[in-house]
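Novice: give me a model of this one.
(one chain, ligands or ions: 1)
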Amino acid sequence: MTSSFFARTLPASRAAGTLLTVAAGVTAAVLFGPQILRSVLHATPHAPDMPLFMAQPAVIKIHMLAAVFGVGLGATILSLRKGNRMHRTLGWTWTLFMATTAASSLFIVGLNGDHWSLIHLLSGWTLIVLPFAVRAARKHDVMSHKRAMTSLFWGASIVAGAFTFLPGRLMWKLFFG
Ligand code: HEM
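Specialist: Predicted coordinates for the structure are as follows:
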């Protein structure tokens with residue numbers, strides 16, 4: 001597939017990402033709004049609960065570490081100069097973190113019983129867009145590369161990350177439970 005194919009699919013990918021985020025937000029607000037409000041009002045922020053973290057299965061530990069490093073590294077890359085060797089090295093490392101985050105999440109279930117949940121759509125999407133975004137960079141298609149990578153960073157990393165702090169989920173328990 002060529003990068004022109006990739007460029008053509010990008011507007012659709014942004015619309016799908018926005019739609020997914022809005023749908024997830026509205027669903028969460030309607031289903032869990034009152035419960036979330038009650039939990040937030042009674043939250044007790046504390047240092048990370050390390051025994052709880054250590055008790056998690058390896059796949060969750062890998063997922064969390066890759067995701068958290070991905071957020072930090074992604075923000076660093078966005079704030080630095082682009083196109084030089086440092087950008088390429090950090091970019092490949094970030095790509096690896098994102099691929100690990102998305103791939104490991106395919107082995108995590110719980111929000112929807114024993115089945116994949118809506119968030120797994122984001123995992124699949126991340127695994128599809130990442131190679132196209134890298135390919136665009138290698139073909140010097142800067143606009144496509146920039147759009148794909150920044151939408152992955154904000155859409156997947158930051159928005160998915162924020163949702164993990166919903167009351168009841170593990171990140172909430174680790175820091176506020
Ligand atoms: C800072 C970013 C992130 C953090 C801290 C994080 C953390 C977690 C944790 C702790 C879980 C275990 C289940 C639970 O929450 O109780 C989880 C599940 C999951 N995460 Fe992430 N994650 C992040 C980013 C991502 C990203 C970028 C994706 C997708 C590209 C993703 C996809 C998933 C999926 C699909 C699940 C399983 C949900 C289910 O049970 O159905 N996460 N995440």
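
Novice: low-confidence bits of this protein, can you list those?
Specialist: 1-14 (pLDDT under 70).

Novice: which residues of the chain lie near the ligand?
Specialist: 60, 63-64, 67-68, 71, 101-102, 105, 108-112, 117, 119-120, 122-123, 126, 156-157, 160-161, 164, 169-171 (CB under 6 Å from any ligand atom). No exception for glycine: its C-beta is placed from N, CA and C like everyone else's.

Novice: report the buried members of these.
Specialist: Applying 16 or more other CB atoms under 10 Å to those, the neighbour count classes 60, 63-64, 67, 71, 101-102, 105, 108, 117, 119-120, 122-123, 126, 156-157, 160-161, 170-171 as buried.

Novice: out of those residues, name the ones that lie in helices.
Specialist: Counting by DSSP state H, the part of those found in helices is 60, 63-64, 67, 71, 101-102, 105, 119-120, 122-123, 126, 160-161, 170-171.

Novice: verify the stated contact: residue 157 with residue 74.
Specialist: Yes. Residue 157 lies in contact with residue 74 (CB atoms under 8 Å); the separation is 5.5 Å.

Novice: got phi/psi on the residue located most distally from the centre of the chain?
Specialist: Using CA atoms, centre = their mean, the residue of the chain lying farthest from its centre is residue 42. It sits 27.2 Å away. Main-chain torsions, residue 42, degrees, to the nearest 10: phi -100, psi 20.

Novice: can you tell me how far it sits from residue 110?
Specialist: 23 Å (CB to CB, to the nearest Å).

Novice: with residue 38 instead?
Specialist: In terms of CB to CB, residue 38 sits 21 Å off from residue 110.

Novice: which residue, other than its chain neighbours, is closest to residue 171?
Specialist: residue 164 (4.3 Å; CB to CB, 6 or more residues apart in numbering).

Novice: could you pull out the strands for this structure?
Specialist: With DSSP state E, there are no strands along the chain.

Novice: and the helices in it?
Specialist: Going by DSSP H, the chain shows helices at 3-41, 50-54, 58-79, 85-105, 119-138, 142-151, 160-163, 170-175.

Novice: packing partners of the last one?
Specialist: In other words, helix 170-175. Under the contact criterion of 3 or more CB pairs under 8 Å, 6 or more residues apart in numbering; DSSP states H and E, helix 170-175 touches helix 50-54, helix 58-79.

Novice: nearest to residue 132, out of those?
Specialist: Nearest to residue 132 among the helices and strands packed on helix 170-175 is helix 58-79; the distance by CB to CB comes to 17.3 Å.
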